[in-house]
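**Student:** Can you look at this prediction? I've put the sequence above it.
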Amino acid sequence: MTLHEGTDVRTGVTAILPRGKSGVGSACAAGFYSLNGNGEMTGTIWLEEVGSLATPIMITNTHAVGSVHRGVIDWVNEKMPALAAEWLLPVVAETWDGYLNDINGAHVQPEHAKQAINAAQAGKIAEGSVGGGTGMNCYEFKGGSGTSSRAVKYGVDEYTVGVFVQANFGARDELTIAGVPIPSSVAPNPLSDTDWFNEDLADAKFSAGAGSIIVIIATDAPLLSSQCKALARRVPLGLARTGTTGSHFSGDIFLAFSTANEGALNSSFPQGEPTSDDYDHIKSIPWGQMNRFYTATVQAVEEAVVNALIVNQNSIGRKGHISYALPHDAVVKALRAANRI
């Protein structure tokens, strides 16, 4: 759900439904990891407790978390009232879009979260300045939503590790693509080179590298909750390949889930006394075979960040603030000079 209105509204909501709309309420094994906690991802205390999630995963801007949280509850209550009658702890994550967007305005409403859930569908995912990524910047170029995936062979089976990023992090002089530093001078950098933040009455200079990144990893490989968490812990290795050192002012929070083992890990209220059939049965990849999934995660995270940069165009937002897209010709020139293409 993208909100691009007038000159000041550049924001939105992204919805990820692990089992689709009909599968809301059916748990997935899941784990999360925070590299730096200057950010928010609601619902993670419960996720850490039970190792699963059963609601949509939502991503928006920092000051819209409450509205989106409310919207998820409203959607579930309308579509699945029996589920809402128990309790809901939605997962809502955020990054800060206050350079391009009027972040303190009540632009994102619960209805927008509901629309994002209703619009969610399988297949190719839009990238760039869309959904929650609409007003975001990455390495002080135009950033936002990015995706990538890897196929993982496992005996006669093949699994997919998919990555979604809402990229809003990194300082201009850190950016590295395929191991090659990209010169910071390839485009103007008003985020660091102007006094826009001080003009917002903050009496301070905006810190290069501030912003945050949310990373969601999805796989159909049968993983335990602790193995999902292990994938989430590998995300920083992929991010580091793009140059970041993890800014203090960047909330870097990651979640991984597995859609295998459907029917297990649910935690709804019990109905009657347990019977001999009331057991969860879970199949999982052996820990000793996890390396190929770690490799897929690291590679896909790196590529998803680059994709979020490459698909973008220059963007103008509130007060005429400009965010410049990463110039393709400058990237090609740098990669050719390093004999990478």
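**Tutor:** Received the coordinates, thanks.
**Student:** And what about Asp102, helix, strand or coil?
**Tutor:** coil (DSSP: H, G, I helix; E, B strand; the rest coil).
**Student:** Now do the same contact list for it.
**Tutor:** By C-beta atoms under 8 Å, 6 or more residues apart in numbering, Asp102 lies in contact with Asp8, Val9, Arg318. (C-beta placed from N, C-alpha, C; glycine too.)
**Student:** What is the nearest of those to Ser284?
**Tutor:** Val9 (44.8 Å; C-beta to C-beta).
**Student:** Same question for stretch 243-259: list its buried residues.
**Tutor:** 243-244, 247, 249-259 (16 or more other C-beta atoms under 10 Å).
**Student:** What subset of the contacts of Asp102 is buried?
**Tutor:** By 16+ other C-beta under 10 Å, the contacts of Asp102 give Asp8, Val9, Arg318 as buried.
**Student:** Export those as JSON lines, with columns for secondary structure and pLDDT.
**Tutor:** As requested, the buried ones among the contacts of Asp102 are exported to JSON lines (DSSP: H, G, I helix; E, B strand; the rest coil; pLDDT from 0 to 100):
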{"residue": "Asp8", "secondary structure": "coil", "pLDDT": "96"}
{"residue": "Val9", "secondary structure": "strand", "pLDDT": "97"}
{"residue": "Arg318", "secondary structure": "helix", "pLDDT": "96"}
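**Student:** can you give me how far the longest helix along the chain is from the chain middle?
**Tutor:** If you go by DSSP state H, the chain has its longest helix at helix 291-310. Relative to the centre of its chain, helix 291-310 is centred 13 Å away, using C-alpha atoms, centre = their mean, to the nearest Å.
**Student:** Pull the most distant pair out of the buried residues of stretch 243-259.
**Tutor:** Phe249 and Thr259 (34.0 Å).
**Student:** Just read off the phi/psi values of Leu252.
**Tutor:** That one is not Leu; residue 252 is Asp. Note on Asp252: backbone dihedrals following degrees, to the nearest 10 are phi -120, psi 100.
**Student:** how close does the residue nearest to it when sequence neighbours are not counted get to Met1?
**Tutor:** The spatially closest residue to Asp252, leaving aside those adjacent along the chain, is Leu35, at 3.9 Å (C-beta to C-beta, 6 or more residues apart in numbering). From Leu35 across to Met1, the span is 27 Å (C-beta to C-beta, to the nearest Å).
**Student:** Who has more neighbours out of these two?
**Tutor:** Neighbours per residue (other C-beta atoms under 10 Å) separate Leu35 from Met1, with Met1 holding more: 26 against 20.
**Student:** Run through the residues that contact the more buried one.
**Tutor:** Gly12, Val13, Thr14, Ala15, His112, Ala113, Gln115, Ala116, Ala119, Gly131.
**Student:** Would you mind putting those into a markdown table with pLDDT alongside?
**Tutor:** As requested, the contacts of Met1 are exported to a markdown table (pLDDT from 0 to 100):
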| residue | pLDDT |
| --- | --- |
| Gly12 | 98 |
| Val13 | 98 |
| Thr14 | 98 |
| Ala15 | 98 |
| His112 | 98 |
| Ala113 | 98 |
| Gln115 | 98 |
| Ala116 | 98 |
| Ala119 | 96 |
| Gly131 | 98 |
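**Student:** Much appreciated, bye for now.
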